[in-house]
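Colleague: Okay, structure incoming, though there's no sequence with it:
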Ligand code: SF4
């Protein structure tokens, strides 16, 4: 074990990825540096996710492996951070009694002191930090992943309480960061050499309602999108009930904002959407997509879809399939519903049997994959602007990047293209994106 090193495992969403960058930044500030393996590290951190059952299980299984490391060397510090620590604190403390720190996402402001305390005095039981009413302090340091793209949080938490979702309990009520802080952080990442910014929030479209004076997300998009030196701006996640026409208009007029919208529909049936508490109908969702395509004919649309929500009938599932056929999403993240403790849906009757959920998922995935592939094959021959991330790990002599539509593009090219904007012509279409050939370097 190297006494000045740390190792972080991140599960779940981009918010967690960003939180892990903050944890890494705090540890860097304490003169620790990243280890290549958990065996080597003095401080082991897992940033947990409780949105679904799988990542929860993954976290506990990883923590089981770390138990041996802690037994071998009790000087090690184990920190269990993230959503599971917040919503299942007792379970974490019971199943991981050898943890030193158990910390919810809103308590990251205490991470530095918690580590310092543990470095000074060994723990008999985990120190717990789970006050969800806390405000995450501004100006926490961050060690961002290398590359061309950086995450910038604009809101923390969520007020929507969709029936199946644990996030509002895990991440607390929605709080918007003030625009000046967001802009200062954005300028900072551009000065550090990043070319693309992704604004993060559970529901970016409700940004600013809690500010004094209130501010619309569209205005923030305009302000960040016109920062000098920015090449590309993305944002996620959007919520259909709060996505305004003005946001689409700004997307269409500010050149840095990419033509990609991740808009979770979840289901194509109004009764199911109502029981989920999503606050929109399928008709409204379809209208937003039509409007987005009118503003930006080349826009790509991705979504989240859930099958087997409690009480979902075969006919209601068929409505979701119809919606997928009508909208023709470029990409979808598709899941089976699973009970999450503490949510309204977990208490709902008429649970769909596991084998039926599995059948529905397979049918949905089959349909969506065919559509995604067809859409990419239909654009073979078109020219796309790509921000080059670096060499493609799977194809020798090829570079990899993303189009403005957030599709992966792989094309023959040299390492020197990394970080540059280029134009490529798509030569083959796949589910994940395109193989392509270089047309020209834009800058
Ligand atoms: S909007 Fe709904 S699904 Fe998204 S984080 Fe909030 S409660 Fe969860």
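Modeller: All right, it came through fine. Please read these numbers as outputs of a predicted model, since none were measured by experiment.

Colleague: low-confidence ranges in the chain?
Modeller: 443 (pLDDT under 70).

Colleague: Quick one: name the residues of it near the ligand.
Modeller: Selection of the chain residues close to the ligand by CB under 6 Å from any ligand atom yields 158, 160-162, 165, 167-168, 202-203, 239. To be clear about C-beta, it is placed using only N, CA and C from the backbone, and glycine gets the same treatment.

Colleague: which of these count as buried?
Modeller: Neighbour-count burial (16 or more other CB atoms under 10 Å) applied to the residues of the chain next to the ligand gives 158, 160, 162, 165, 167-168, 202-203, 239.

Colleague: From residue 142, how far off is the residue lying farthest from the centre of the chain?
Modeller: Going by CA atoms, centre = their mean, the residue of the chain most distant from its centre is residue 121, 35.6 Å out. Relative to residue 142, residue 121 is positioned 28 Å away (CB to CB, to the nearest Å).

Colleague: What count of nearby residues applies to the residue in the stretch 1-150 of the chain positioned nearest to the ligand?
Modeller: Residue nearest to the ligand within the stretch 1-150 of the chain (CB to the nearest ligand atom): residue 51, separated by 7.8 Å. Using other CB atoms under 10 Å, residue 51 has 21 neighbouring residues.

Colleague: Can you give me the domain boundaries for the chain?
Modeller: 5-129, 144-258, 271-378, 383-441 (automatic domain parsing).

Colleague: Kindly check the end-to-end length of the third one for me.
Modeller: For domain 271-378, the first and last residues are 34 Å from each other (CA to CA, to the nearest Å).

Colleague: How about the residue in the stretch 201-350 of the chain positioned nearest to the ligand: what's its closest non-neighbour residue?
Modeller: Closest to the ligand within the stretch 201-350 of the chain is residue 202: 3.9 Å, counting by CB to the nearest ligand atom. Spatial nearest neighbour of residue 202, chain neighbours left out: residue 158 (3.8 Å); criterion: CB to CB, 6 or more residues apart in numbering.

Colleague: In helices only, show me the residues of the chain next to the ligand.
Modeller: 167-168 (DSSP state H).

Colleague: Could you dump the residues of the chain next to the ligand into JSON lines and include distance to residue 175?
Modeller: Formatted as JSON lines, the residues of the chain next to the ligand follow (distance: CB to CB, whole Å):
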{"residue": "158", "distance to residue 175": "10"}
{"residue": "160", "distance to residue 175": "14"}
{"residue": "161", "distance to residue 175": "16"}
{"residue": "162", "distance to residue 175": "19"}
{"residue": "165", "distance to residue 175": "18"}
{"residue": "167", "distance to residue 175": "14"}
{"residue": "168", "distance to residue 175": "12"}
{"residue": "202", "distance to residue 175": "11"}
{"residue": "203", "distance to residue 175": "12"}
{"residue": "239", "distance to residue 175": "16"}
